[in-house]
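S.K.: Got a predicted model here, sequence first, then my questions.
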Amino acid sequence: MLKFYYNPRSPMARRVWRTLLEKEIPFEPILMSLDGDQLQPEFLAINPFHHVPVIVDDGFRLLESLAILDYLETKYPTPALLPKETQALATVRMVQMVSTNELLPKVIALLFESEDSPQYFQAKQHVDEVLKFFTATLGNNSYFGGEHLSLADIVAGTDVSLLPKLGVNFNSYPKLNDWFERLMQRDVWRKTELSAEEFEQFKRVLIKLRKRKLNRENHP
């Protein structure tokens, strides 16, 4: 059985978790607390970069969430989470990358910076640009790949779901808000969405990991 190393508070791990559940793929969940167990030799043998998520499927180890999603889609093609049409497929890939490279880093910045800092203001502006881009890309479709859930919706939806917890609303983006509500009505998403308490735990873990990284950089 496929082994899934994860922590539900991790956005990258939650992308994979939601995909496994949407596809109804059987898996053995291996919960990582991220309070140091990711640095233990047993886990470092699986992932020397000490991140989650990781899957091990019939002895095949795979890290990095987007690579894992591609693997799951290829090996378990039903239900399909990638469209066949060329432009729709390219759109799904683009949204995945924009969410990963443009949105999520700025969401993390909003967690760390004080609201009156220039860094916070710049991150908030960048988030607004991403939301405008997502709105234009979505158009009149129900989902980014068309009328059916895709990997783009799983990736972007998981990242976007952090914004309301940071006080960012979608009032200026009604189409995007409808898309987000559509996702949150799905059984899998209701089961896997972070509670307020879990979100606070996520923030504390990130701050702890950031301090640890800064200490290593300052004391090599």
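M.R.: Thanks, I have it.
S.K.: just the strands in the chain please.
M.R.: Applying DSSP state E to the chain gives strands spanning 2-6, 27-31, 54-57, 60-63.
S.K.: got the ones you listed as JSON lines, with mean neighbour count, distance to residue 206 and mean pLDDT columns?
M.R.: Every residue, glycine included, has its C-beta placed from N, CA and C. Listed next are these as JSON lines, based on neighbours: other Cβ atoms under 10 Å; distance: least, Cβ to Cβ, whole Å; pLDDT from 0 to 100:
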{"stretch": "strand 2-6", "mean neighbour count": "20", "distance to residue 206": "16", "mean pLDDT": "97"}
{"stretch": "strand 27-31", "mean neighbour count": "13", "distance to residue 206": "18", "mean pLDDT": "97"}
{"stretch": "strand 54-57", "mean neighbour count": "21", "distance to residue 206": "19", "mean pLDDT": "98"}
{"stretch": "strand 60-63", "mean neighbour count": "14", "distance to residue 206": "19", "mean pLDDT": "97"}
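S.K.: Quick one, which of these gets closest to residue 166.
M.R.: Among these, strand 2-6 comes nearest to residue 166, with 22.4 Å by Cβ to Cβ.
S.K.: relative to strand 27-31, how tilted is that closest one?
M.R.: If you take axes from the mean of the first three to the mean of the last three Cα atoms, to 10 degrees, strand 2-6 sits at 30 degrees to strand 27-31.
S.K.: pLDDT weak spots in this structure?
M.R.: The model of the chain has pLDDT under 70 over residues 209-220.
S.K.: got TSV for the strands of the chain, with distance to residue 74 too?
M.R.: Formatted as TSV, those follow (distance: least, Cβ to Cβ, whole Å):
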stretch	distance to residue 74
strand 2-6	14
strand 27-31	16
strand 54-57	12
strand 60-63	11
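S.K.: nearest to residue 184, of the ones you listed?
M.R.: The nearest among these, by Cβ to Cβ, is strand 2-6 at 20.5 Å.
S.K.: And the nearest residue to residue 161 once chain neighbours are set aside, how close does it get to residue 144?
M.R.: Leaving out its chain neighbours, the residue that sits closest to residue 161 by Cβ to Cβ, 6 or more residues apart in numbering is residue 193, at 6.4 Å. Using Cβ to Cβ, to the nearest Å, residue 193 is found at 19 Å from residue 144.
S.K.: higher neighbour count, those two?
M.R.: Legend: neighbour count by other Cβ atoms under 10 Å for residue 193 and residue 144, higher for residue 144 (27 against 18).
S.K.: Who are the contact partners of that one?
M.R.: Contacts for residue 144 were tallied using Cβ atoms under 8 Å, 6 or more residues apart in numbering; they are 91-92, 95, 134, 137-138, 150, 152-153, 156.
S.K.: With residue 5 instead?
M.R.: Going by Cβ under 8 Å, 6+ apart, residue 5 touches 30, 32, 43, 46-47, 52-56.
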